[in-house]
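> pasting a predicted model and its sequence here:
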Amino acid sequence: MTHQMLAATYAAEGPATVLSVHEIDRPGPGPGQVRVRIRVSAVNPTDVKGRAGLTPRPIDGLQVPHMDGAGVIDAVGEGVDPARIGERVWLMFAALGPWGTAAQWAVVPAEHAIGLADDASFDLGATLGVPAMTAAVCLFGGGSLAGRDVLVAGSGAVGHAAIQLARWAGARVVATVSGPQKAAIAERAGAHLVVNYRDPRAVQAIRDWSPGIDRVVEVALGPNLELDLAVCRRGATVVTYAIDGPDPVIPVRRCMGAGLSLRFMLLYSEPSPELAAAIRVVRAAVAAGALTMPPIIRFPLSQIVAAQLAQEAGPVGKILIDVPQ
Ligand SMILES: NC(=O)c1ccc[n+]([C@@H]2O[C@H](COP(=O)([O-])OP(=O)(O)OC[C@H]3O[C@@H](n4cnc5c(N)ncnc54)[C@H](OP(=O)(O)O)[C@@H]3O)[C@@H](O)[C@H]2O)c1
């Protein structure tokens with residue numbers, strides 16, 4: 001019996017071509033860890049930024065990329081209930097250690113392998129770790145969303161999950177997008193109103209629809225703050241989870257006048273209780289059938305370089321990687 005596995009790895013940060021797929025020793029779970037036979041791995045912006053060296057994390061000899069994935073636990077380490085062997089799980093934070101999900105097996109702390117409902121697909125499971133968790137942290141924690149008006153900027157992976165989680169929580173949801181393809185995704189996700197943020201009538205369209213937005217899940221604070229200020233009710237909260245350009249200049253007096261709360265979140269620095277609460281939200285939403293897949297763009301593991309380049313190019317949909325079984 002072989003104790004090898006196929007894995008994508010890189011030994012130094014750099015362009016996507018630092019990645020290669022080859023056989024390496026299959027890891028075993030240490031104390032408190034589980035080993036997961038990966039079915040589907042997912043690519044997130046954080047994975048390509050990490051590989052490119054934009055969010056440096058020390059590499060201990062070799063790194064298997066990708067935080068998110070889904071599969072089945074096939075071994076547990078000391079201190080982990082052996083009854084977990086055979087459990088279908090989705091993974092989060094896998095590539096914070098050496099064993100990301102772009103491989104046939106991954107090893108993660110037991111608490112980062114979370115039970116996946118029997119009727120939920122591995123594809124859906126692979127979209128939960130970063131996108132749905134980020135959406136959940138951004139949306140919840142500020143009281144009930146029932147009857148509230150929520151603006152979700154963008155219908156990318158996080159935006160898609162945010163639209164669905166906000167609807168599931170009883171909010172009315174407006175999504176802002178750049179064009180018809182993204183509009184179709186936001187509509188299918190369940191947004192009540194979809195507005196093109198490049199349209200000069202965007203603010204009016206949102207004002208006609210809502211007396212005042214209560215919460216914004218914001219992907220681009222700099223470009224969107226004027227719109228957010230124009231459509232938010234007094235005391236609203238704008239939660240920013242992304243930065244892809246220079247830091248914006250904040251119009252402090254206008255934000256004060258509007259009583260606007262600006263909140264910033266980074267999943268990796270969220271405290272454990274907040275992460276645990278978000279996991280409960282995501283699991284409940286999956287169990288309720290409230291989360292569905294955005295359009296899927298599939299690659300085999302052998303095309304890891306192409307998959308990461310496609311992520312860098314800004315995909316219209318979610319990039320998944322099929323791992324050989
Ligand atoms: N803080 C955290 O912990 C955390 C967690 C997850 C993700 N992130 C970051 O969040 C960003 C998005 O992640 P993702 O996985 O959702 O990526 P994605 O699937 O590529 O989606 C990004 C979306 O942002 C939209 N967008 C860009 N500018 C916009 C604007 N001015 N208004 C509205 N939408 C706009 C894009 O749509 P158009 O191209 O149509 O504009 C695209 O749909 C990445 O930078 C990622 O690194 C951070």
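Alright, I've got the coordinates.

> this structure against the ligand: which residues are in contact?
44-46, 130-131, 134, 153-159, 176-178, 182, 197, 219-220, 223-224, 241-242, 244, 265-267, 314 (Cβ under 6 Å from any ligand atom). All C-beta spots, glycine's among them, are computed from the backbone N, C-alpha and C.

> would you mark the buried spots in stretch 71-88?
Within stretch 71-88, the residues scored as buried using 16 or more other Cβ atoms under 10 Å are G71, V72, I73, A75, V76, G77, V80, E87, R88.

> just those now: which is nearest the ligand?
Comparing the buried residues of stretch 71-88 against the ligand with Cβ to the nearest ligand atom places G71 closest, at 20.8 Å.

> ok, E226 - how many residues close by?
E226: 12 surrounding residues under other Cβ atoms under 10 Å.

> also T176?
32.

> quick check: which element contains it?
Element membership for T176 (DSSP states H and E) is strand 172-177.

> that strand pairs with which strands, parallel or anti?
strand 149-153 (parallel), strand 193-196 (parallel) (DSSP bridges).

> so which of those is the most packed in?
Burial of the strands paired with strand 172-177 is given as mean neighbour count (mean count of other Cβ atoms under 10 Å); strand 149-153 ranks first at a mean of 28.

> next SSE after that one?
Remark: after strand 149-153, the chain's next helix or strand is helix 157-168, criterion DSSP H and E.

> which residue packs closest to the residue in the stretch 151-300 of the chain positioned nearest to the ligand, ignoring adjacent ones?
Residue of the stretch 151-300 of the chain nearest the ligand, by Cβ to the nearest ligand atom: G156 (1.7 Å). In space, and not counting its chain neighbours, G156 is closest to V219: 6.9 Å by Cβ to Cβ, 6 or more residues apart in numbering.

> residues near the one you found, how many?
Around V219 there are 22 other residues, counting by other Cβ under 10 Å.

> hang on, isn't it packed against A157?
No: if you go by Cβ atoms under 8 Å, V219 and A157 don't touch, sitting 10.3 Å apart.

> got the contact list for P131?
N44, D68, A157, V158, H160, A161, K318 (Cβ atoms under 8 Å, 6 or more residues apart in numbering).

> how about those residues in a markdown table, adding pLDDT?
As requested, the contacts of P131 are exported to a markdown table (pLDDT from 0 to 100):
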| residue | pLDDT |
| --- | --- |
| N44 | 98 |
| D68 | 98 |
| A157 | 97 |
| V158 | 98 |
| H160 | 98 |
| A161 | 98 |
| K318 | 98 |
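
> which pair of these spans the longest distance?
D68 and H160 (14.0 Å; Cβ to Cβ).

> hang on, the earlier thing: for P295, state which of the contacts of P131 is nearest.
K318 (7.1 Å).

> show me what contacts that closest one?
A42, T127, P131, A157, H160, M293, P294, P295, I296, I297.

> could you redo the last one with a cut-off of 7 Å?
A42, T127, A157, M293, P294, I296, I297 (Cβ atoms under 7 Å, 6 or more residues apart in numbering).

> could you report the neighbour count for the closest residue to D247 other than its chain neighbours?
Distances taken as Cβ to Cβ, 6+ apart place G222 nearest to D247, at 7.6 Å, with adjacent residues excluded. Neighbour count of G222, defined by other Cβ under 10 Å: 16.
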